[in-house]
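Asker: dropping the sequence and predicted coords here.
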Amino acid sequence: MNLLKRAFCPVACLILAGACLPVQAKEKVKNESFKPQQEWLDTDGNPINAHGGGLLYHNGTYYWYGEYKVGETILPSWATWECYRTDVTGVGCYSSKDLLNWKFEGVCLKAVKDDPNHDLHPSKVLERPKVVYNKKTKKFVMWAHVESADYAKAAAGVAVSDSPTGPFEYLGSFRPNDAMSRDQTVFVDDDGKAYQFASSEHNQTMYINELTDDYLKPTGRYVRRFIDKAREAPAVFKHEGKYYMLSSGCTGWDPNQAELAVADSIWGEWTVLGNPCTGPDADKTFYGQSTYVVPVAGKEDAFIACFDMWKKKDLANSRYIWLPVIFGQDGKVTIPWHAEWNLGIFEKK
């Protein structure tokens, strides 16, 4: 017995000593460059989780909102197409001063787990959240694509917050101007007017819906553009008085060729310019799909095209492809591939 005690005591002491050692804090991450398709970590060293997202620049800080995807990717047993999904968790929010290093601010719009009929129930679909700031109401307004589990709802959901980091209050959903609303974005023009671009009519036509002054619903004024062109994933930006829309074709989770269009008015007519991507795999948008184009604050003619690199069977592990938008002296707009780059690229033009 004494021998057992002698043998046990050193081992026990080592175990207890180990238990008393301080837990080493996770090392903070500092990103120095954009590395498209590579894993992108937030400042705490965790993969950024903001898919199908949009960006907002407010009071010197960028905010990145996106689908917060966790858990297993499933394909419903009834599915006749590749409608892979994860349970709805909510919308994640990140903040940054430099577009490279992102602090996780939390899930700013959370799933509603106790009501199976709610748009935000885990069994439903929540995609492509975009947040804009309303200077008149001082509210942050989120629009998103919300769906029933079988993708029959095809509606827009709206939420509001007093803070860019939330929490957002969900106001409900509807079909803008009684039309389907799937892949969507929101654009605020220089005069403060806001517009929702939405893939509609079973993804065959793009609707441009003018929003009310509070950005919470459509005014009733709209146009149908890109009729029978099957465009989705719209990303809208403005440069030197012209409006641009970057979009993708409709091939589910699989990549296809991007397309850029331009107009002198938000309403169109829109002229298709073709594929702006250049470099390896440009015909597949570098294996990405458009989600947003963000102007770089304080830099002239500086825009970043943001794409999702979907992993359809492991959606939580999907990556991001951010690349510079280059405006040539000949007026041509390109999005060239760079395996690694930083904002200094805009100084070299």
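Answerer: Good, I have the coordinates.
Asker: what does stretch 113-122 rub up against?
Answerer: With contacts defined as C-beta atoms under 8 Å, 6 or more residues apart in numbering, stretch 113-122 is touched by 87-90, 109-112, 123-124, 126, 146, 155, 157, 170, 172-173. The way it works is simple: take the backbone N, C-alpha and C, and place the C-beta from them, glycine included.
Asker: repeat that for 6 Å
Answerer: The contact list for stretch 113-122, computed with C-beta atoms under 6 Å, 6 or more residues apart in numbering, reads 87-88, 111-112, 146, 157, 173.
Asker: who does the helix or strand hosting Tyr133 pair up with?
Answerer: Secondary structure from DSSP states H and E places Tyr133 in strand 125-134. Next to strand 125-134 in the sheet, as set by DSSP bridges, lie strand 139-147 (antiparallel).
Asker: tabulate the CA atom coordinates of the strand it pairs with in PDB.
Answerer: Taking C-alpha atoms only, strand 139-147 is exported to PDB below (Å, rounded to 0.1, in the frame of the first residue of the first chain):
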ATOM      1  CA  LYS A 139     -31.100  53.200 -38.400                       C
ATOM      2  CA  PHE A 140     -29.100  50.400 -39.800                       C
ATOM      3  CA  VAL A 141     -31.300  48.400 -42.200                       C
ATOM      4  CA  MET A 142     -30.700  44.800 -43.200                       C
ATOM      5  CA  TRP A 143     -32.200  43.200 -46.300                       C
ATOM      6  CA  ALA A 144     -31.800  39.400 -46.900                       C
ATOM      7  CA  HIS A 145     -33.200  36.600 -49.000                       C
ATOM      8  CA  VAL A 146     -35.400  34.400 -46.900                       C
ATOM      9  CA  GLU A 147     -36.900  31.100 -48.000                       C
END
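Asker: tell me the mean pLDDT over it?
Answerer: Averaging pLDDT along strand 139-147 gives 98.
Asker: gap between it and the chain center?
Answerer: How far strand 139-147 lies from its chain's middle: 12 Å, per C-alpha atoms, centre = their mean, to the nearest Å.
Asker: okay, now the closest residue to Asp281 other than its chain neighbours: neighbour count?
Answerer: Counting by C-beta to C-beta, 6 or more residues apart in numbering, Asp281 lies nearest to Tyr287, which is 6.2 Å off, once chain neighbours are set aside. Around Tyr287 there are 17 other residues, counting by other C-beta atoms under 10 Å.
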